[in-house]
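**Student:** with the input below, show me the fold.
(chains A and B)
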Amino acid sequence: MNLNEEVELLKGVPIFSKVEQARLKLLAFTSERVNFGVGQEVCRQGDPGDTMYVILGGTADVLIDTPSGQISVAEMKRNSFFGEIAILCDVPRTATIKAKEPLATLKITKDMFYRLVAEFPEMAIEIMRELAHRLEDTNQKLRAATKAG
Amino acid sequence: MPQAGGAANPGAATRQIYNVIKALIAYRGRCDRADAGFMERSLFSYIWRHSRPEQVVILLLVVLAQVFYFMSLTVPKSVINNGIQGNAFKDSKTIPFLVWELDLSAIFPGRVIRFFDGFQVDQLQYLVVMSFVFLGAVVVNGLFKKTINTQKGRMGERMLRRLRYELYDRILRFPPAHFRKVKQAELATMVKDEVEPLGGFIGDAFVQPMFLGGQALTAIIFIMMQNWLLGIIVVVLLAVQMAIIPRLRKPVLILGRQRQISARQLAGRIAETADGVHEIHIHGAANYERADISERLGLIFKIRFDLYQKKFVAKFWNNILSQATPFAIYLVGGYFAITGQMDVGAVVGVLLAYKDLPSPIKELIDWDQQRQDVQIKYEQVIDQFQPEGMMSPELQAIPDGPPPPLGKELALAGVVVTEDGRVKQLDSLSLTLPTSSRVAVIGGSGSGKEVLGQVLARQTLPASGTIRIDGKDFFQVPEYVIGARLAYVGQDTYLFPLSVRDNLLFGLKLRPVAPASYDEATKAIREAFWKESVRAGNPAFDPNADWVDYELAGATGPGDLLPCMVRVLKQVDLDEDIYSLGLRGTVDAARRPDLAEKILKARHTLHEHLQDGTYAGLVEPFNDDHYNKNLSVAENLLFGTALGKQFDGDNLATDPYVMSVLQKTGLDVELQRMGLSIAETMVELFSGLSPDNPLFEQYSFISADELPNVRLLLQRLGGKGIEAVPEADRIRLMTLPFRYIEARHRLGLIDAAMEERILGARRAFAEGLPANLRDAVEFYDFERYNSAATLQDNILFGRLVYGQAQAGERIGTLIAQVFDELGLRDSVIEVGLEYNVGVGGKRLPASQRQKLGIARALIKRPQLVVVNEAVAMFDGRTQDRIRDNILADASERHSGVFWIANRPNQAEPFDQIVVMQGGRVVAQGSPSELAARGGLYTELMASA
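**Tutor:** Got it, this is the predicted structure:
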């Protein structure tokens, strides 16, 4: 998979959806590709997170700790991504991600992301707009839910 | 006429002769107490004492040289008078030549014993012979000059060497506290620069005044013979000069002294700036420092300028006074001549004799000035080198065998240590300490426990009280016994800028245990070298000898020292770090063929493991027939390690041979095309980024400065292919892909066809490599050890694949496992031991420095080790682990540990605990006894 394909995948991430293509390309170029073998953990629930991953290939299990042990709650495939909030603010990982098949990811660190945002403030505006949309969306859902309730 | 400026000052000569006599008298008395701790105050005594025979030889040579000098002056007269003008040949055609006779007519009138009648020579023969005699005299004269100067030079250099050595020797014998007062840069300046002029002076110290003084004296005697009254006038006037000129010069000398001190302090300040440069930056104090230096330089300027002024004032009076003598001769002599009491010829004679005086006198004055100058320099230096409480040389004697044991019991009685005579850090402390006991000392800050540790290492000397070891004065125990049997580690460790190994073994080098082996030729050179050392009062120790006392470390020789080193490295938790250094180190296969072969074997084993599924895809091995996606294009082309600069780094891209290979294989155009593609991507990615963004340096193939030019080029090109690019730009484009790594940069530029072409170029490069470049590259070869590459690269023989999670850690573990399997771990550590720690050990992290310091103390298996809060900088677990290792080792060897605890709870596993407060011992006993008694012990333990 080369750089252009990675850029296409990055575009699928909502917070990046409106960011200029050239910026995403720089983000992809300066980010590291990390592959995980079967059974390797990408991140662990509860650990502090500061990195976002975009899955370029393979599948991963999303595991949640419960009192009765770890259970798989979902599976992630190519085009999936996780940790996008972690690069905006420090939040602990909400799940453990483990490679089910050999997994290829693009690893975007908070540092690299911040550097680009500092360099291109319009990126920040696009991301803010996207987050605002999401918030509005959530609010609407909340209103609908309270009405329904 | 006397020359202006040729100041007559025979006073200097007289004074000097007096000085020499004084020195001679002093010498007889001082011989006996030569090394008593004080250096000669007078430079002359010092020189005379150490170079008497040489001075005498030179003096004789000078006298002898005068004969030939005189000959070279008289022969020309004979050549002109007899040889050319033929005066001697007026009466006969030939005259006898080389007549050898003894004229005794003074004793027995008319009695002449003739041994040889000589040859009869005519005028032409005489001319030829005398011309050659002249030439001979000139040559002999020159040879004498050469010999005398060589002798003088050698003597001077020898004395300089002696003086420098003596000063250095004294530094080693300074009391420890003295180093808190002196600045190291000042010491260095004194030993190096300030004594330097002495070397040049020493050769002339005695010869010059004797020689010149003799000449001056002859002239004065001649004047006296002409007219005693005039003679007295001349002598009186010289006496006046003798009295006045030193007075005039006094301020000059004082200023000279100030100049020397201020220059030395400047050196000290500059060293301070270098030492504290981080503090200066952190606190933004650069300008305050500038102010200080400017102030100092201003002071130095003032001193130096005053010096010039005073010097020229002295010179002015010097000139006036020297002209007073001819003035007197004119006036008085003229008066005598006019009144007829003296004939005109005599006055002229006196004037002529006086004319001969200035030259030697002037030189004498110069010499005297130099003498005073070096005397001051000498005094200034030696004053700094005789502090109170110097260690006696016997304490630092070199042992002639294994050092004896330390003794069984240390007894401290009424020991008081004060800081500058005020605050008592130890207050009448008494303590009995068997050297084989394991004791911990606890106490709060200000309890004096760390001072106690320093006292036991003789780093701090008590103001009063006694310390005895088995009844003998502890401070009179030779240093080699302390060095070998009592180890001390304090809070900071100094490492010498040598290898880890040399630092570790530093404490074992008490004496040469085995001489170095030399071949016959070298041996003769070395022996001559030592003979010279002894002549200059230096010891004839050989640093090339083996100084490592293997026995002390528990080994029998160099062969089994490694396990001992590894053992102590483990004790201080340093073995892993040194192992990592070893992996990054290199081994020269020519020097260590055995090790190289073993590592090659490890490479094979590792690659077998890499075939396993668990490690699949983590390493891309170097393979002749494959393009390696994890190497750059340049590395793929070279396919080896560059030796030297020829093919190293960016040099490869501009190397003419590489260019020719690329052209031949047609790869050049391909690379240009690739370069164009990279340039387009870089312009797309990095345009709009501010030029100082670190991303440029980290990721861009084109620097921020160049980017606009490249953008312009691409705009002009307007999408046309590489063919449209001007030749000059093509070369630049071609160099861009050299750093391109497909797996890392992922621009998809290298497809299968491109791989093949690069492989073709790789082969062409290797096959056509001219003979003179063979040594510039070591090609990758699975069956050959690569001396230029690190151990890790050698065993890995490939690259870690980019972007494999935890590939580095997993392969690192695998490598360690393979080395363990093959029993090579210690060998890797051995390679790591060769790592140079840098100035002050700065190339190691602080914690590793400290660990190495502890290991250095432990490797000599001391009878008693004093650990003075030496583990304070480690984390709690490491502190305890190192303490337990040291205790376990000590109890196994029945040796002692004196542990000054930085945390009270460290004391728990010790047999005995000493509790200190206010510089006194307040409690002592086993942990259980102390716990039962309560008090400060319980308090301290609770607070920990």
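
**Student:** give me the pLDDT value at B:F316.
**Tutor:** If you check B:F316, the pLDDT there is 85.

**Student:** residues contacting it?
**Tutor:** Listed by CB atoms under 8 Å, 6 or more residues apart in numbering or on different chains, B:F316 has no contact partners. All C-beta atoms are positioned from the backbone trio N, CA, C, and that covers glycine.

**Student:** cutoff 10 Å now
**Tutor:** When contacts are counted by CB atoms under 10 Å, 6 or more residues apart in numbering or on different chains, B:F316 touches B:L248.

**Student:** any idea how far it is from A:F82?
**Tutor:** 93 Å (CB to CB, to the nearest Å).

**Student:** give me the phi and psi for B:L426.
**Tutor:** Main-chain dihedrals, B:L426, degrees, to the nearest 10: phi -120, psi 130.

**Student:** skip the chain neighbours and tell me the closest residue to it.
**Tutor:** Using CB to CB, 6 or more residues apart in numbering or on different chains and skipping the chain neighbours, the partner closest in space to B:L426 is B:V417 (4.1 Å).

**Student:** am I right that that neighbour is in a helix?
**Tutor:** No: counting by DSSP: H, G, I helix; E, B strand; the rest coil, B:V417 falls outside a helix, being strand.

**Student:** how far off centre is stretch B:147-155?
**Tutor:** 27 Å (CA atoms, centre = their mean, to the nearest Å).

**Student:** what's the biggest helix in the chain, counting residues?
**Tutor:** Going with chain A. In chain A, assigned by DSSP state H, the helix with the most residues is helix A:121-148.

**Student:** sorry, should have said chain B
**Tutor:** The residue-count maximum for a helix in chain B (DSSP H) belongs to helix B:123-173.

**Student:** which SSE is the nearest residue in space to B:T654 that is not next to it in sequence in?
**Tutor:** Using CB to CB, 6+ apart and skipping residues adjacent in sequence, the residue nearest B:T654 is B:T735, 7.2 Å away. For B:T735, the element it lies in under DSSP states H and E is helix B:727-735.

**Student:** if we look at that helix, which residues are touching it?
**Tutor:** Applying CB under 10 Å, 6+ apart, the contact partners of helix B:727-735 are B:634, B:650, B:652-654, B:659, B:662, B:667-679, B:701-702, B:706, B:709-710, B:713, B:716-717, B:722-723, B:725.

**Student:** so which of these are in helices?
**Tutor:** Short answer: the contacts of helix B:727-735 in helices (DSSP H) are B:634, B:652-654, B:659, B:662, B:667-679, B:709-710, B:713, B:716-717.

**Student:** buried ones among those residues?
**Tutor:** B:634, B:652-653, B:662, B:667-668, B:670-679, B:710, B:713, B:717 (16 or more other CB atoms under 10 Å in any protein chain shown).

**Student:** the spatially most central residue of chain A pairs with what?
**Tutor:** Among the residues of chain A, A:F82 comes closest to the average C-alpha position under CA atoms, centre = their mean, at 2.9 Å. On the basis of DSSP bridges, A:F82 is bridged to A:Y53.

**Student:** my guess is it contacts A:L103. True?
**Tutor:** No: using CB atoms under 10 Å, A:F82 makes no contact with A:L103, being 11.9 Å away.

**Student:** so what sits against both of those two?
**Tutor:** Listed as contacting both A:F82 and A:L103 by CB under 10 Å, 6+ apart are A:V42, A:Y53, A:I55, A:A60, A:M76, A:I97.

**Student:** what's the local residue count around B:V534?
**Tutor:** 10 (other CB atoms under 10 Å in any protein chain shown).

**Student:** relative to chain A, how far out is the closest residue to it other than its chain neighbours?
**Tutor:** Nearest non-adjacent residue to B:V534, counting by CB to CB, 6+ apart: B:A540, 5.5 Å away. The gap separating B:A540 from chain A is 62 Å, by CB to the nearest CB, to the nearest Å.

**Student:** which SS class is B:A540?
**Tutor:** Recorded secondary structure, B:A540: coil (three-state DSSP).

**Student:** partners of the strand or helix carrying B:L412 in the sheet?
**Tutor:** Following DSSP H and E, one finds B:L412 within strand B:409-419. Strand B:409-419 has the following sheet partners, assigned by DSSP bridges: strand B:423-434 (antiparallel), strand B:464-469 (antiparallel).

**Student:** reformat those as TSV; add mean pLDDT, distance to B:G340 and mean neighbour count.
**Tutor:** Output for these, formatted as TSV (pLDDT from 0 to 100; distance: least, CB to CB, whole Å; neighbours: other CB atoms under 10 Å in any protein chain shown):
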stretch	mean pLDDT	distance to B:G340	mean neighbour count
strand B:423-434	90	89	18
strand B:464-469	93	86	17
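
**Student:** wait, which of these is closest to A:I127?
**Tutor:** Among those, strand B:423-434 comes nearest to A:I127, with 63.2 Å by CB to CB.

**Student:** against which helices or strands is the following helix or strand past that closest one packed?
**Tutor:** Toward the C-terminus, strand B:423-434 is succeeded by strand B:438-443 as the next helix or strand (DSSP H and E). Under the contact definition 3 or more CB pairs under 10 Å, 6 or more residues apart in numbering or on different chains; DSSP states H and E, strand B:438-443 sits against strand B:423-434, helix B:449-456, strand B:864-868, helix B:876-893, strand B:896-900, strand B:912-917, strand B:920-925, helix B:936-943.

**Student:** what residue ranges in chain A score low on pLDDT?
**Tutor:** Within chain A, the stretches with pLDDT under 70 are A:1, A:149.

**Student:** would you mind listing what in it touches chain B?
**Tutor:** A:1-6, A:20-23, A:25-30, A:32-37, A:40-42, A:99, A:102-107, A:112, A:115-116, A:118-120 (CB under 10 Å from any CB of the partner chain).

**Student:** which among these count as buried?
**Tutor:** Taking 16+ other CB under 10 Å as the criterion, what is buried in the residues of chain A next to chain B is A:3, A:6, A:23, A:25-30, A:33-37, A:40-42, A:99, A:103-107, A:112, A:115-116, A:120.

**Student:** identify the residues contacting the residue of the stretch 551-700 of chain B found nearest chain A.
**Tutor:** Nearest residue of the stretch 551-700 of chain B to chain A, counting by CB to the nearest CB: B:L685, 4.6 Å away. Contacts for B:L685 (CB under 10 Å, 6+ apart) come out as A:3, A:22-23, A:25-30, B:695, B:699-701.
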